[in-house]
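**Q** fold the following.
(2 chains)
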Amino acid sequence: MTLTFAASKYAPAPAAAKPSTSRKLRRTLTGWAFAGPATLIVVGLSLFPAVWAFFISRTKWNGIAQPTDIGWANYERLAQDPDLAAAAQHTLVLTVLFVPGSIVLGLLLAIALNQRIRLIGFYRTCIFVPYVASAAATGILAGYVFNPQFGLANDVLRRAGLPAQQFLESPRQALVVVCIVALWGEVGFTSVVYLAALQDVPKELIEAATVDGAGKWRVLRSVTLPQLRPVTLFATVWQTITALQLFDLIYTTTRGGPMNSTQTVVYYVYELAFQTRRLGYGAAVAYILFAVTLLLTALVIWRSRRSGEEAF
Amino acid sequence: MRRKVLPFSAWHLVLMPVSLIFVLPLVHMVLASFMTKAELNRFPPRFIPDGLHLDGYRRLFSESHILLWLGNTVLVAAVSVVAHLVLCSAAGYGFARLKFAGRGVAFAAVLATVMIPIQLLMIPTYLMFARLGIVDTLAAAFVPWLASAFGIFLMRQFFLSLPVELEEAARIDGCGVLRTFVSIVLPLARPALATLAVFTLLSSWNDLLWPLVAISDDHKYTLQVGLASFQGMRRTEWSQLMAGNVVATLPLVVAFLVAQKRFVATMTMTGLKG
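**A** Modelled structure (predicted):
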């Protein structure tokens, strides 16, 4: 389809055509033959459905019968939906715990992993392995480790002389436990990214600072950390997207429970669409979250542009 | 010249316990898969099983379609990786080196898709799959992974970093665009292709959401959906669940240990050029 479109645009050769017209047409066809298929798949699987989702969000639809157009009614309902407010709050808590956690832990681990000591390869492997395991498997494993009756976590608490906890079965603890498990699985990523960035910090800079009399701590604070800023910005955006879209882990640990205490916006949309089959309302919820994240991302990028970073 | 043996460092006191936190749960998972039900339902929990009990595996294999799911996952991952390599490297080359009408718009559209979150796509994609007639087929699991904006971008950046002289020389010698691409450029792109393959393998193997949404026939499940549904039915059968986890995780962990450098390079590349 793309090919014929591109061709027809150039097919009627103007009378005063330069001799290069047919070559130009061939170049365009060749270009689209290379770039077209992947572009068509990527755009067809995201931009097109994203536009479609907007039309769905203005209907009442169970996915089987004919959808009825109800205008903005879904969006009006959003404001008074206590479940959505709770889901948004859970998403926010998760993001606020997860993003700084993975940045700070990732940086600290990277500094430790950047030392030239024995076994360093072994340590690097250990910290990265959980990242390879799927979120689904990690979630099932977490259900076992944090099992209130037989789990390893309560055994550790018992040895430390602390009382046993309900963890994933407690509405007050479940979200924090999910966040800890997510950090366990994802922090390998930020550490490796930071490790690579640390190894790219020019040696001359560090030597110069040392010659000028800066101690190790001072070098880290005044030389290394400023050099890491673009990576930090990238990692922050990447991990924010990860936190906002966290689904697999919640599905295999709590399925949104207990008492909806781990129901995030993504999970809420999933439930609306595929459990209670309210497709129109689900699409409206998804659209609102999209608008909010777009605004936040724009804000982060705008602020970083202003302070002169170039990570994007 | 041999380096001197490094002296003991205080960093070990930090790194040793931290590494254990990351790796012990996985060891625990493997060991628990060899325990009997009585051993598992005991507090305080045992870490080392008192023998290699295969009960969990035996029942996992007889009561679920785990081998079928493993086969489905291998197929989905293989199709995704091959399609990704072919389509994204071609598109990346097109965007990096070929000049054609609509290139700027097309590339901008590809980049813009990164902003669209998964929850927005869930509903319309499912409906689209339904119209295409691929709900309840393995295609629903691999179609979302045939190509990606990330892959196109990664390959484009890589091709841009190659010196253009080699390609020009090939063109002067009479090679067509396709010939130049296949026999000159692609062999140079091995590191980027390996990175892309690793990334696609991880994402498609570990994906839960798309197959969960689009596949309800348990013969068509991938490992992740299979595990999740098995978990839904047998919440307390820990030896079977841990055995399932081992089957689903082990192939990737082994692949990781074998090709560790490549995995880490992948993450680094995503980080620095993403």
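
**Q** going forward, measure contacts between C-alpha atoms and count neighbours the same way
**A** Fine.

**Q** buried ones in stretch B:106-114?
**A** B:106, B:107, B:109, B:110, B:111, B:113 (16 or more other CA atoms under 10 Å in any protein chain shown).

**Q** so which elements touch the helix or strand where the fifth one lies?
**A** Assignment of secondary structure by DSSP states H and E places residue B:111 within helix B:103-112. Other helices and strands packing on helix B:103-112, by 3 or more CA pairs under 8 Å, 6 or more residues apart in numbering or on different chains; DSSP states H and E, are helix A:21-44, helix B:149-161.

**Q** quick one, that helix and helix B:149-161 angle?
**A** Interaxial angle, helix B:103-112 versus helix B:149-161 (axes from the mean of the first three to the mean of the last three CA atoms, to 10 degrees): 130 degrees.

**Q** in stretch B:171-186, what counts as buried?
**A** Buried, per 16+ other CA under 10 Å, within stretch B:171-186: B:175, B:177, B:180, B:181, B:185, B:186.

**Q** okay, and for the chain, where does confidence drop off?
**A** Reading this off chain A. For chain A, the stretches flagged by pLDDT under 70 are A:1-19, A:307-312.

**Q** you looked at the wrong chain, it should be chain B
**A** B:1-7, B:266-274.

**Q** one more pass at 50, please.
**A** Low-confidence segments of chain B (pLDDT under 50): B:1, B:273-274.

**Q** which non-adjacent residue is nearest the most centrally placed residue in it?
**A** What sits nearest the mean C-alpha location of chain B, by CA atoms, centre = their mean, is residue B:202, with 1.1 Å. Leaving aside its chain neighbours, residue B:202 sits nearest to residue A:132 (7.1 Å; criterion: CA to CA, 6 or more residues apart in numbering or on different chains).

**Q** need the contact list for that neighbour.
**A** B:202, B:252, B:253, B:256 (CA atoms under 8 Å, 6 or more residues apart in numbering or on different chains).

**Q** who touches stretch B:122-138?
**A** Contacts of stretch B:122-138 (CA under 8 Å, 6+ apart): A:45, A:49-50, A:52-53, A:270, A:273, A:279, A:282-283, B:72, B:76, B:140, B:210, B:213-217, B:220-221.

**Q** quick one: buried residues of that stretch?
**A** For stretch B:122-138, a neighbour-count test (16+ other CA under 10 Å) marks B:122, B:123, B:124, B:125, B:126, B:127, B:129, B:134, B:135, B:136, B:137, B:138 as buried.

**Q** and whatever residue of chain B ends up closest to chain A, how many neighbours?
**A** Closest residue of chain B to chain A, CA to the nearest CA: residue B:91 (3.7 Å). If you count neighbours by other CA atoms under 10 Å in any protein chain shown, residue B:91 ends up with 28.

**Q** other SSEs contacting whatever helix or strand it lives in?
**A** Using DSSP H and E, residue B:91 sits within helix B:66-97. In terms of contacts (3+ CA pairs under 8 Å, 6+ apart), helix B:66-97 is packed against helix A:21-44, helix B:139-142, helix B:149-161, helix B:190-206, helix B:223-233.

**Q** and it, which residues are buried?
**A** Those would be B:66, B:68-85, B:87-96, for helix B:66-97 by 16+ other CA under 10 Å.
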